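Asks: Sequence first, then the predicted structure:
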Amino acid sequence: MDQGPGQAEPVHLAWIKTELARHPQRPYPMDFVQRIFTDFAEIHGDRAFGDDLAMACGMARFHGEEVMVIANLKGRGTREKVRRNFGMPNPEGYRKALRAMKLAEKFHRPVFTFIDLTGANPGMAAEERGQAEAIARNLREMSRLRVPTIATITGEGGSGGALALAVADRVLMLENAIYSVIAPESCGSIMWRDAGKRAQAAAALKLTSQDVLAMGCVDDVAAEPEGGAQLDAAAAAASLDAKLQAHFAQLRAQPIEVLLAARRAKFRTIAQFFSS
């Protein structure tokens, strides 16, 4: 809807959800990992360039089962945010994640990924080191990974940077998380030449968990405490834990060839839309 001079843009539910997904006190991926998993032992480095501090990978136990956990890291304070590159992984972060996935495949450990990022690092240095190739390789290899995989969007799931960790047998979202090809501000700048139309863009993008679930882009949504996960991180983690256990039990009961076929079929037909 176009706004006349002096008119404020209407607040859409999608923008309210976006603000909740970005809340500065919202639990980050590693907050959920620490509450749900035990015995986390971190793996460092991509064995090619360096160790990306925006990505954490490691062996852990999920209710006694040995698994691999991968999560991006954002940081709380300004210094920590800069150190973690605001949670935007570089190519070496995606290559570290892939190295961890391949280790998991070698030792038959299921893979759990946790995602809260606006996108991959778009900087020149990242592009020079092969950002697009690293993301594309993760997309391909995750689709072929011969272990059960579960991805969870806990806050923002932005573009290919998120998808590079989300080609999984099950993709879950927290209730107030968002999952989109582009940030609302960037969408507003492109569509209306006005980043201020972010709320209108958020509504048009259909990025809320309810919208994304209805389109078949995710498989399930974990409820949050009223008002958002930032008000009760323990309750949000317990809700997510229950969903993870249910889906993990389903996946473990299926032969790997069945999982691979279902995974391929899922991502080949995802979000198809037809109109007469």
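Replies: Structure's in. What do you need? All values derive from a computational prediction rather than experimental measurement.

Asks: What helix or strand is the most centrally placed residue in the chain located in?
Replies: The centroid of the chain falls nearest to Ile115 when counting by CA atoms, centre = their mean (2.8 Å). Element membership for Ile115 (DSSP states H and E) is strand 111-117.

Asks: Given that strand, what are its sheet partners and their directions?
Replies: Sheet pairing for strand 111-117, assigned by DSSP bridges, gives strand 65-72 (parallel), strand 149-158 (parallel).

Asks: need those in a markdown table with distance to Arg170, can you?
Replies: Every residue, glycine included, has its C-beta placed from N, CA and C. Shown next, in a markdown table, are the strands paired with strand 111-117 (distance: least, CB to CB, whole Å):
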| stretch | distance to Arg170 |
| --- | --- |
| strand 65-72 | 14 |
| strand 149-158 | 5 |
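
Asks: May I see these arranged in a markdown table, with distance to Gln250, mean pLDDT and mean neighbour count as well?
Replies: Output for those, formatted as a markdown table (distance: least, CB to CB, whole Å; pLDDT from 0 to 100; neighbours: other CB atoms under 10 Å):
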| stretch | distance to Gln250 | mean pLDDT | mean neighbour count |
| --- | --- | --- | --- |
| strand 65-72 | 14 | 97 | 23 |
| strand 149-158 | 10 | 96 | 27 |
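
Asks: follow-up on the earlier one: helix or strand right after the strand holding Ile115?
Replies: Trace forward from strand 111-117 with DSSP H and E and the next one is helix 124-128.

Asks: picking that back up, mind checking the pLDDT average for the strand holding Ile115?
Replies: The average pLDDT within strand 111-117 is 97.

Asks: Report the distance from that strand to the chain centre.
Replies: 5 Å (CA atoms, centre = their mean, to the nearest Å).

Asks: Likewise for stretch 163-175?
Replies: On CA atoms, centre = their mean, the centre of stretch 163-175 falls 6 Å from that of its chain.

Asks: which residue ranges form the helices in this protein?
Replies: 13-21, 29-36, 78-83, 91-106, 124-128, 131-144, 159-163, 184-192, 198-205, 209-214, 233-252, 256-269 (DSSP state H).
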